[in-house]
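[1] coords below, sequence missing:
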């Protein structure tokens, strides 16, 4: 099993990762929370501790579902969450109008503790 140390950090990750975009549900159809939790637990059990997500996946649902699925095992995980896209939700479920926004304001908004403390 190959592990890598993330440059300039104490974080160590397995070279493999679990891509969390499907956890958001958008473009992937219905997502079963129990299946998500099971897949995340299985990944951790197999030594896969790097989870790749983004705030825009499912308009935040991917990060929320990943946090919930990790639960008490959160300290075993390395989460790489990308940013730079913001959105305006449409009138119904599903897609939203997205646009680039990597402004300092947006970074601060995403850094608020409420963003990290998902249900």
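    On my side now, so go ahead. Fair warning: this is a prediction, and the values are worked out from it, not measured in the lab.
[2] Quick check: the most far-flung residue of the chain relative to its centre vs residue 97, distance?
    Distance from the C-alpha centroid of the chain peaks at residue 91, with 24.4 Å (CA atoms, centre = their mean). Plainly put, residue 91 is 11 Å away from residue 97 if you go by CB to CB, to the nearest Å. Every C-beta, even on glycine, is put in place using the N, C-alpha and C of the backbone.
[3] Lowest mean pLDDT among the helices and strands, pick that one out for the protein.
    Counting by mean pLDDT, DSSP states H and E, the chain has its least confident helix or strand at helix 113-116, which shows a mean of 48.
[4] if I read this right, residue 19 contacts residue 48, doesn't it?
    No - judged on CB atoms under 8 Å, residue 19 makes no contact with residue 48 at a distance of 10.8 Å.
[5] Checking the residue farthest from the centre of the chain next. Helix, strand or coil?
    With DSSP: H, G, I helix; E, B strand; the rest coil as the basis, residue 91 sits in coil.
[6] residue contacts, it?
    Taking CB atoms under 8 Å, 6 or more residues apart in numbering, we find residue 91 in contact with no residue.
[7] Pull out the buried residues from the top helix by length along the chain.
    Criterion DSSP state H: the longest helix present in the chain is helix 33-45. For helix 33-45, burial by neighbour count (16 or more other CB atoms under 10 Å) applies to 36-37, 39-40, 43-44.
[8] in the sheet, who's paired with the residue lying closest to residue 56 once chain neighbours are set aside?
    Spatial nearest neighbour of residue 56, excluding adjacent residues (CB to CB, 6 or more residues apart in numbering): residue 85 at 4.3 Å. With DSSP bridges as the criterion, residue 85 is bridged to residue 100.
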